[in-house]
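**Q** quick one, what's the 3D model for this:
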Amino acid sequence: MNRTRVARLLIAAWLVAVGTGAAAQKKGKVKTDDIWAQGVALAESIKAPEIANKEYKITDFGARKDADALTNMEAINKAIDEASSKGGGRVVVPYGQWLTGPITMKSNVDLHIENGATLLFSTDRNHYLPVVRTRWEGIDCYNLKPLIYAKGEKNMAITGSGTIDGQASNEHWWYSCGAWWYGYKPGMLKTNNGNTNSGRPMLGKMEQEKVPVDQRIMTVQDALRPQLINFYECEQVMIEGVTLRNSPFWVIHPCFVNNMIVRGVTIISHGPNSDGCDPESSKNVLIEDCYFDTGDDCIAIKSGRNNDGRAIDIPSENIVVRRCRMKNGHGGVVIGSEITSGYRNLWVEDCDMDSPELERVIRIKSNTCRGGVVENVYVRNVRVGQCKEAVLKINLDYDRKEVCDRSYPPVVRNINLENVTSKKSEYGVLIIGLEDKTNVEDVTVKNCKFEGVEKGNKTTGLVKNVKSQNLIINGKKTEL
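**A** Sure thing, here's the model as predicted:
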């Protein structure tokens, strides 16, 4: 029996044993070591794509270093199309800078960015038309084409040691969030022009009113910035080795993806909503040996927003994060807030996080618009230099100003931290539960040491079975 087959059988056995996670642990059915063995087995079962050993150089299809964006875009996409139609292969971007428009990936293709090569993406919004099917902040719609996009493809990769640069800045793309500190000035395009018929509020209203997705056609004037990389309804994909910079919006966004590896990737993007990697309604994802320096969450797991999440009802599940480094960001590893379809089974291990601009280490955020069940989160051997707010934050009252149907209380259960150290933070553990329901339960913080904690731990709202074992805060053993 091969190694992959063994790993898959172990995962299946674990899912049966765990059940709802917390309940199974209470009955003594699952041991900690067994849980972590399942995380390792899951990581080993996630397969890299298999690409044919054949090269297609973009220069053979008309790409030139001195060409305009649309010329190089046509050449790159032509190379990808031909490689895919002939059984697959490696499309090579050679040394130098290559200005381009949006790239569409196809099955059985590896887009390989050589050492010293940089793909520079056009900042002309009209180049990202026509619109394509995607999700924007968890809401289904047709929006500007992501800079690198694929829909319904499989067995693909983006590899190499070169750079993919979205060229977003306060002068291009970022100002559309509407904040002056990102360069916005009156008269510029922004997502919210002060009424419900513009950009973001219009899309939110469509979601609440359950407008059919094929009628949610966003325009350039709506100013919803596109993702740098968006794989949609794809399978067996990998991003390895490359540096990703300056994304207009989220950097890596796998949506409805099964079997994905993100390995050895450097992400540096300090714009608004510059999340590093956001698996959404996706499963069997391995994120390892990566570096994150972002303007929003480093990793944020999602599964749809409000009515759209409930309509499609595909959770995210089975994600492993290991040996990663996080610098700036709203959170290191985050679940939410667009988590309506739920999330289960996360392993975070052997990571380093450190920055005065890193706000939290592990963060779970939802509200009574989103709902959703988040369960089975395992974190161990994480080293934190400093973070701004909390090592662990669970918040069921996120974005309380959102206009929505608030009849969907979220649930968070079976959250486990072990051997996590931190040298500086405002809080150790910060939990904001609901006032009328006990929907946070079975949270365990074990063998952790948090120094330089300004305000200790804090819990508001109703919680159940929140406990610590050998939790040391500022040199003293502390009970949750």
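**Q** what sits against A168?
**A** Residues near A168 by C-beta atoms under 8 Å, 6 or more residues apart in numbering: T123, W174, R225, N246, S247, P248, S269, G271. For every residue, glycine as well, the C-beta is placed using N, CA and C.
**Q** if we use 10 Å, what do you get?
**A** Contacts of A168 were listed using C-beta atoms under 10 Å, 6 or more residues apart in numbering, and they are 121, 123, 147, 174-176, 182, 225-226, 228, 245-249, 269-272, 274.
**Q** one more: I473?
**A** So I473 contacts 391, 422, 425, 427-429, 448-453, 456-457 (C-beta under 10 Å, 6+ apart).
**Q** picking that back up, now, which of the contacts of A168 lie within strands?
**A** Among those, the members found in strands (DSSP state E) are F121, R245, S269.
**Q** tabulate these (CSV), appending distance to T368, neighbour count and pLDDT.
**A** Formatted as CSV, the ones in strands among the contacts of A168 follow (distance: C-beta to C-beta, whole Å; neighbours: other C-beta atoms under 10 Å; pLDDT from 0 to 100):
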residue, distance to T368, neighbour count, pLDDT
F121, 38, 29, 98
R245, 37, 22, 98
S269, 31, 27, 98
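**Q** circling back: of the contacts of I473, buried ones?
**A** For the contacts of I473, a burial check counting by 16 or more other C-beta atoms under 10 Å picks out V391, S422, S425, Y427, G428, V429, C448, K449, F450, E451, V453, N457.
**Q** all strands of the stretch 251-400 of the chain, in order?
**A** Ranges of strands in the stretch 251-400 of the chain, per DSSP state E, counting those that start in this stretch, are 252-255, 258-263, 266-269, 283-288, 291-294, 299-301, 316-322, 325-326, 333-335, 343-349, 352-353, 360-365, 373-384, 390-395.
**Q** who does the longest one pair up with?
**A** Applying DSSP bridges, strand 373-384 is found paired with strand 343-349 (parallel), strand 352-353 (parallel), strand 411-422 (parallel).
**Q** so which helix or strand takes in the closest residue to L462 other than its chain neighbours?
**A** Closest residue in space to L462, ignoring its immediate chain neighbours: T438 at 4.2 Å, by C-beta to C-beta, 6 or more residues apart in numbering. Counting by DSSP states H and E, no helix or strand carries T438.
**Q** T438: neighbouring residues, count only.
**A** 13 (other C-beta atoms under 10 Å).
**Q** just A69 next, same as before
**A** If you count neighbours by other C-beta under 10 Å, A69 ends up with 18.
**Q** hmm, it is touching T100, no?
**A** Yes: counting by C-beta atoms under 10 Å, T100 is a contact partner of A69 at 5.5 Å.
**Q** please enumerate the shared neighbours of those two.
**A** Counting by C-beta under 10 Å, 6+ apart, the contacts common to A69 and T100 are L120, F121, S122, H127.
**Q** for the third one, which non-adjacent residue is spatially closest?
**A** Going back to what we said before, that points to S122. A69 (3.8 Å).
**Q** and that neighbour, how far from W98?
**A** Distance, A69 to W98, by C-beta to C-beta, to the nearest Å: 9 Å.
**Q** what touches both of these two?
**A** Residues within reach of A69 and of W98 at once, by C-beta under 10 Å, 6+ apart, are L120, F121.
**Q** what comes up buried for stretch 453-465?
**A** Buried residues in stretch 453-465, counted by 16+ other C-beta under 10 Å: V453, N457, T459, G461, V463.
**Q** any chance of those in CSV, plus distance to V374?
**A** Listed next are the buried residues of stretch 453-465 as CSV, based on distance: C-beta to C-beta, whole Å:
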residue, distance to V374
V453, 25
N457, 20
T459, 17
G461, 16
V463, 14
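**Q** between the residues you listed, which is nearest I158?
**A** For these, the minimum distance to I158 (C-beta to C-beta) is 40.4 Å, reached by V453.
**Q** please enumerate the helices of this structure.
**A** 3-18, 22-26, 32-45, 69-85, 199-208, 306-312 (DSSP state H).
**Q** out of those helices, name the one with the poorest average pLDDT.
**A** The weakest mean pLDDT among the helices of the chain belongs to helix 22-26, with a mean of 42.
**Q** and stretch 443-451, end to end?
**A** For stretch 443-451, the first-to-last residue distance is 20 Å (C-alpha to C-alpha, to the nearest Å).
**Q** circling back to that earlier point, pick the most deeply packed of the strands paired with strand 373-384.
**A** Each of the strands paired with strand 373-384 was scored by mean neighbour count; the highest is strand 343-349, a mean of 24, by mean count of other C-beta atoms under 10 Å.
**Q** chain center to that strand: distance?
**A** Distance of strand 343-349 from its chain centroid, counting by C-alpha atoms, centre = their mean, to the nearest Å, is 13 Å.
**Q** sorry, back to before: wait, the residue nearest to L462 sits on I431?
**A** No: counting by C-beta under 10 Å, T438 stays clear of I431, with 11.8 Å between them.
**Q** residues shared between the contacts of those two?
**A** With C-beta under 10 Å, 6+ apart as the test, T438 and I431 both reach G461, V463.
**Q** please parse this protein into its domains.
**A** Per automatic domain parsing, the structural domains of the chain span 3-45, 51-296, 309-480.
**Q** export the ones you listed to JSON lines and tack on distance to K302?
**A** Formatted as JSON lines, the domains of the chain follow (distance: least, C-beta to C-beta, whole Å):
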{"stretch": "domain 3-45", "distance to K302": "19"}
{"stretch": "domain 51-296", "distance to K302": "4"}
{"stretch": "domain 309-480", "distance to K302": "4"}
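**Q** quick check: closest non-adjacent residue to E74.
**A** Spatially, and ignoring its direct neighbours in sequence, E74 is nearest to G62 (7.0 Å; C-beta to C-beta, 6+ apart).
**Q** per-residue confidence for that neighbour?
**A** For G62, the predicted pLDDT is 98.
**Q** next: G19.
**A** G19 is assigned a predicted lDDT (pLDDT) of 44.
**Q** then N193?
**A** So, for N193, pLDDT stands at 80.
**Q** list the contacts for it?
**A** G178, G199, R200, P201, M202, Q221, D222, A223.
**Q** so how far is P130 from P248?
**A** Where P130 is concerned, P248 sits at a distance of 17 Å (C-beta to C-beta).
**Q** neighbour count: the two, which is higher?
**A** A count of neighbours by other C-beta under 10 Å puts P248 above the other of P248 and P130, at 30 against 8.
**Q** wait, V93 touches A117, no?
**A** Yes: counting by C-beta under 10 Å, V93 does reach A117; the two are 4.8 Å apart.
**Q** tell me, what's touching those two both at once?
**A** Taking C-beta under 10 Å, 6+ apart as the contact rule, V93 and A117 both touch I58, G160, G162, T163, I164.
**Q** of all those, which two lie farthest apart?
**A** Greatest spacing in the shared contacts of V93 and A117, by C-beta to C-beta: I58 and T163 (15.4 Å).
**Q** the two: which is more packed in?
**A** Between I58 and T163, counted using other C-beta under 10 Å, the more crowded position is I58 (24 against 21).
**Q** my guess is that one contacts R90. True?
**A** No: counting by C-beta under 10 Å, R90 is not a contact partner of I58; they are 11.0 Å apart.
**Q** overlap in contacts, these two.
**A** Common contact partners of I58 and R90 (C-beta under 10 Å, 6+ apart): A79, L111.
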